[in-house]
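>>> dropping the sequence and predicted coords here.
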Amino acid sequence: MNFHEPHIDYAGISPVIALTVGMVVVLMTAVFKPLRRTAPALTFLTLAATAGLLIWQWGESKELITGALQLDDLAISISLIAILTAAFCVALSTREPAAEEAGVGEYHALLLGSVLGMTLLSQATNLVTFFVAIETLSIPLYILCATNLRREGSLESGLKYLIVGSLGSATLLYGMAFLYGGTGSTDFTGIAAGIVHKGMLGDPLILIGIAMCAVGLAFKTSIAPFHQWTPDVYQGAPTPITSFMAVATKAAAFAVFLRFFDVALGPQVHEWQPALAVLAAISIVVGNVGALGQDSLKRMLGYSGVAQAGYMMGGVVVASESGISSLVFYLAAYAFMNLAAFSVIVARERETPYGDDIRSVQGLGASRPLLAWPLTIAMLALAGLPATAGFIGKLYLIEALVEGDYTWLAVFIAVGTMISLAYYLRVVAAMWMRPGGETVPGATPAIAGASPEADPVDPRAGRRIYIVGPALLAAAATVFFGIIPQPLVDFAAHAGASLFG
C-alpha cells in the first residue's frame, strides 16, 4: 500500500495559520516584560490579518485537509462576525482589571485561541474536527470567565461554565459515537450517505445520536431548557468577555448547527425539524419571561440571549437557503446590537458604584448622552422596532419560517417580541425618564459603597474613546443596516447560497 501525502491548500488555511501564529506571538509577550503592553496591538494586528485573508477567499468553495474542513462563504461570514466581536472585546478590555490580573499577554492569547476554535468550527465537516474545534473554542473561555481573580462571581462563573460546558461536550461526543456506529463514517457527507444506503432512516441508534448532538449544541447556544448556566456566567464573567461570548460563541455554534444538521443529518430532516422547532419555542418563552424581573443588565441580556437563540433556531429549523441567509443576517445584526449594549455596561461599571445594576444607567440621558443613545438604540433593536437591524432580521426570520410551513413558530417570535418590550423599554425609561440616583421600582435599594466586589470607580471611564467609540460605532451600524439593509442582505445571501446554492 502506497502512502500519499494529503494535499494542503495553504491559501485556504491561511486564516487558521495567521490566528495560530498570532496567538503564539501574543503569548510570548507575557514572557518578555518590555513587550507586555504590545499584546492588545498585536491582537488587533492578528485579527485584521485574519479578516483580510478571509475576505481574500470570499466566493471560494473548497475542501481543506482531505475534507476535514470546508472553506465557503458560510464559514467566512461567521468567522468575520467572530473576529469583529473579538476586536470590540480587545478595545473594551483596555484597563480591564481582569486582563491586568490574568496577565495582558495571556488574556489576549486566550481570546485569540477561542477565535481560532470558532474559525475551525465554522469550517468543520467531520466529527473529529467538529469536536476538536468546539473544545478549542470553549476551553479558553472557561479560563477567561474566571480571570477577575478578586471577584468571587468571576471565579464562580468560570467553574460553572466549565462544569456545564463539559457536560454539554460529553453529551455531544456520546451522540457523535452513536452516529459513527450507525453509519461507519465521521465525514458529514459520509454520515448522510450511510443513513440512506445502510437503511438507517428512522433507526433508533441514529435518532438517539441526533437527540444527544442536539442537546450538546443546545448547551453551547443557550437554548432552553439547557440554558441554566447562561445568566450566572454572563453576570459573573468580566463584561468584555461576556460581550464576546454572547455573540461569537452563538455565531460559531449556529454555523456548525447548520452544517451538521442540514448536511450530515439531511436525510432525517423530518424527524429533527419538529423537535428543534419545539426547542426554539420553549427558548423564546423561557428567555423572555426570565428577563422580565432582572435588575442586573448582564443577567437580563443573558435571558434575552436565550430568547434570541430561540429566534435564530428558526433559521436552522426551516433547512433552506432562505433560512440560512436570515440566520446569518440576524447573527450579524445581533453582534452590533449586543456590542453597543455591552460597551455602555462596561463604561457604567467603571464609573459608578452600582456595577451592572439597572441603577447604573439611571439619568444617563442627561449626564452621558453619548452613552445613552447607543444603549437606547441597542434596546430598541433587540426588541425589533423598525429602523433598526433587529427589525429587519426578525422580518427575514419570520418570512423564512412562513415559507417553510412553520408559521406557528413565526407567531411565537412575534409574541416573544411583544413580551420583550417590557424589559427593554424599562432600561430606556431608566435612562431618559429617571434622574440619576433615583431607585427604579422593584430594584434593590442603593447601598452606600455598593457591592464589595465592585472594581475601583473611574469617573472618566464613560468618556474614554476606547469605550465610547465602540458603543457609537456598533449603534451606528445597527441603525444603518436597519435603514439600508441591502449590503448585509447580500453578505448573508452568499452564506445561504454556499450551502444550498
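Okay, I see it. Residues are numbered from 1 along each chain as shown.

>>> can you pull the contacts of the residue nearest to residue 229 when sequence neighbours are not counted?
Nearest residue to residue 229, sequence neighbours excluded (CB to CB, 6 or more residues apart in numbering): residue 164, at 4.0 Å. The way it works is simple: take the backbone N, C-alpha and C, and place the C-beta from them, glycine included. When contacts are counted by CB atoms under 8 Å, 6 or more residues apart in numbering, residue 164 touches 219, 228, 229.

>>> drop anything exposed from the residues you listed.
For the contacts of residue 164, a burial check counting by 16 or more other CB atoms under 10 Å picks out 219, 229.

>>> pLDDT check: weakest of the contacts of residue 164?
Ranked by pLDDT, the contacts of residue 164 bottom out at residue 228, which has 85.

>>> torsion angles phi and psi at that residue?
phi -60, psi -30 (degrees, to the nearest 10).

>>> ok, it to residue 305 distance?
Look at residue 228 and residue 305: by CB to CB, to the nearest Å, they are 13 Å apart.

>>> same question, residue 43
Computed as CB to CB, the residue 43 to residue 305 distance reads 25 Å.

>>> what does residue 465 give?
Distance from residue 465 to residue 305, by CB to CB: 28 Å.

>>> which of these two has more neighbours?
Neighbours were counted for residue 465 and for residue 305 using other CB atoms under 10 Å; residue 305 has more, 29 against 10.

>>> can you tell me which helices and strands the strand or helix carrying that one packs against?
Using DSSP states H and E, residue 305 sits in helix 297-317. If contacts are counted by 3 or more CB pairs under 8 Å, 6 or more residues apart in numbering; DSSP states H and E, helix 297-317 sits against helix 204-221, helix 229-236, helix 239-244, helix 250-259, helix 269-291, helix 321-351, helix 389-403, helix 407-433.

>>> which residues touch the fifth one?
Under the contact criterion CB under 8 Å, 6+ apart, helix 269-291 has outside partners 202, 207, 210-211, 214, 218, 222-225, 227, 231, 261-262, 265, 300, 303-311, 313-314, 316-317, 319, 406, 409, 412-413, 415-416, 419-420, 423.

>>> name all residues that make contact with residue 87.
44, 47, 48.

>>> repeat that with 10 Å
If a contact means CB atoms under 10 Å, 6 or more residues apart in numbering, then residue 87 has 43, 44, 47, 48, 51, 115, 244, 339, 470 as its contacts.

>>> same list, the contacts of residue 164, but as a markdown table with distance to residue 142 please.
Putting the contacts of residue 164 into a markdown table (distance: CB to CB, whole Å) gives the following:
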| residue | distance to residue 142 |
| --- | --- |
| 219 | 13 |
| 228 | 16 |
| 229 | 11 |
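
>>> what's the closest of the contacts of residue 164 to residue 398?
For these, the closest approach to residue 398 (CB to CB) belongs to residue 219, at 26.5 Å.

>>> ok, for that closest one, nearest residue in space, not its chain neighbours?
Setting aside the residues directly before and after it, residue 219 is nearest to residue 168 in space (CB to CB, 6+ apart), at 2.9 Å.

>>> now do residue 146
Computed as CB to CB, 6+ apart, the closest residue to residue 146 that is not its neighbour in sequence is residue 158, at 2.6 Å.

>>> cool, residue 326 as well?
Closest residue to residue 326 apart from its sequence neighbours, by CB to CB, 6+ apart: residue 396 at 3.8 Å.

>>> now residue 348
Nearest residue to residue 348, sequence neighbours excluded (CB to CB, 6+ apart): residue 360, at 4.0 Å.

>>> the one you found against residue 430, yeah?
Yes - if you go by CB atoms under 10 Å, residue 360 and residue 430 touch, sitting 9.2 Å apart.

>>> about what we covered before: got the buried residues for whichever strand or helix holds the residue nearest to residue 146?
Using DSSP H and E, residue 158 sits in helix 152-183. Buried residues in helix 152-183, counted by 16+ other CB under 10 Å: 153-158, 160-162, 164-165, 168-169, 171-173, 175-176, 178-180, 182-183.

>>> pLDDT of that helix, averaged?
Throughout helix 152-183, pLDDT has a mean value of 90.

>>> for it, the distance to its chain's centre please.
Helix 152-183 sits 17 Å away from the centroid of its parent chain (CA atoms, centre = their mean, to the nearest Å).

>>> same check on stretch 464-484?
18 Å.

>>> buried set for it?
Applying 16+ other CB under 10 Å to stretch 464-484 flags 464, 466-468, 470-475, 477-479, 481-482 as buried.
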